[in-house]
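Here is my input, please return the structure:
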Amino acid sequence: MKISAFNGSPKADRGNTHVMVSALLEGAAQAGAATENVLLAGKKIGHCIGCFTCWTKTPGKCVLKDDMESLLKSYMASDIVIMASPLYIDHVTGIMKDFMDRSIPLVCPQFEMGDAGQTRHAARYGKYPAIVWVSNCGFPEKDQFAVLRLACERRIRNNKAEIIAQIYRGQGPLLTSESPELKPVLSDYKDLLRRAGKEIATKRKIPDDLQAELDKPLMPEDEYSKSVNESW
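Presented below is the predicted three-dimensional model:
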C-alpha cells in the first residue's frame, strides 16, 4: 500500500495544510503504508498550454519538460493519493490547479458516457489511485468548501477514480497557532487526523463517527471570528 500526498500550498511545509497532511501520513505509516509527501511549491510545474500533444503526437506524455512527468509517475504508482490545498477564492491554489491541468495525459481525448450520464474522457489506464481530498481555510464554517467539494468531485469523474474521503477544516489558521490555550485542542485534532490516516490505509474510508469528530470546529465560530477581526 502506497499513499502519496500532493500538497499545493505555496507555504509548503510552513502552512496549515502541511499540518493536516503530515498527521494523516503519520497515521497511514503507523498502519503499515509506504508514504510520500510531495510539496508542489518546490517543484517546477508549467502552465498547460492546451496544445494536446499529450493526446496526439506523444500519447500520455506532455511536451513541456519540467517536474510533471516524474510527479505523474508517482501519482500513478500510488494506491491512494491525497490531494491537499488551502482554499483560495473558493477553489484550489494556482499551484494545485496547474498540477490538475497538467494531469490530462492520464486520460485519452475520446469521449465516453460516464456513470452519471455525463460525457467524460476515456481512461488511458486500467486502474487509477483512490483519492482523498484535504483542504482548510480561514473562514469558520465548513460550508465555505461547497464550491471546492463540487469541483473536486467533477474533476475525479474523468479518470474513473474513487473519492474515498474528504477532510475540510475551517478555522485553518489555528492549526499553526502557538497559543497555549489551543495546544490541547490541536493535539486532539492531530490525533483524529492520525486515526483517519490509519482508517484510510486499512479500510479505504473514514468511519462516520470519526468524520463527525473531524468536522467539529476547533473553537466556537463567533469567538473565532472575533479573534480574527481583532488580529487585523
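
ok but Ala116 is inside a strand, no?
No. Assigned with DSSP: H, G, I helix; E, B strand; the rest coil, Ala116 falls outside any strand and is coil.

do you know how far it is from Ile163?
Going from Ala116 to Ile163 by C-beta to C-beta, to the nearest Å gives 13 Å. For glycine as for every other residue, the C-beta is placed from the backbone atoms N, C-alpha and C.

try Gly138
From Gly138 to Ile163 the distance is 24 Å (C-beta to C-beta).

Which helix or strand in the protein has the lowest average pLDDT?
Sorted by mean pLDDT, DSSP states H and E, the helices and strands of the chain end with helix 146-156, the least confident at a mean of 87.

for the following helix or strand past that helix, packing partners?
Scanning forward in sequence from helix 146-156 by DSSP states H and E, the next helix or strand is strand 163-169. In terms of contacts (3 or more C-beta pairs under 8 Å, 6 or more residues apart in numbering; DSSP states H and E), strand 163-169 is packed against helix 16-30, strand 130-136, helix 146-156, helix 183-203, helix 208-215.

For Ile89, the count of nearby residues, please.
7 (other C-beta atoms under 10 Å).

Need the phi and psi values for it.
Main-chain dihedrals, Ile89, degrees, to the nearest 10: phi 50, psi 50.

shaky segments in the protein?
158-159 (pLDDT under 70).

Try it again at 80.
Scanning the chain for pLDDT under 80 picks out 114-116, 155-160.

At the geometric centre of it, which residue sits there?
For the chain, Met83 is the residue whose C-alpha lies nearest the centre (C-alpha atoms, centre = their mean; 2.1 Å).

excluding its backbone neighbours, what's nearest that residue?
Trp133 (5.4 Å; C-beta to C-beta, 6 or more residues apart in numbering).

Which residues are in contact with the one you found?
Ile82, Met83, Ala84, Leu148, Arg149, Cys152, Ile163, Ala165, Gln166, Ile167, Tyr168 (C-beta atoms under 8 Å, 6 or more residues apart in numbering).
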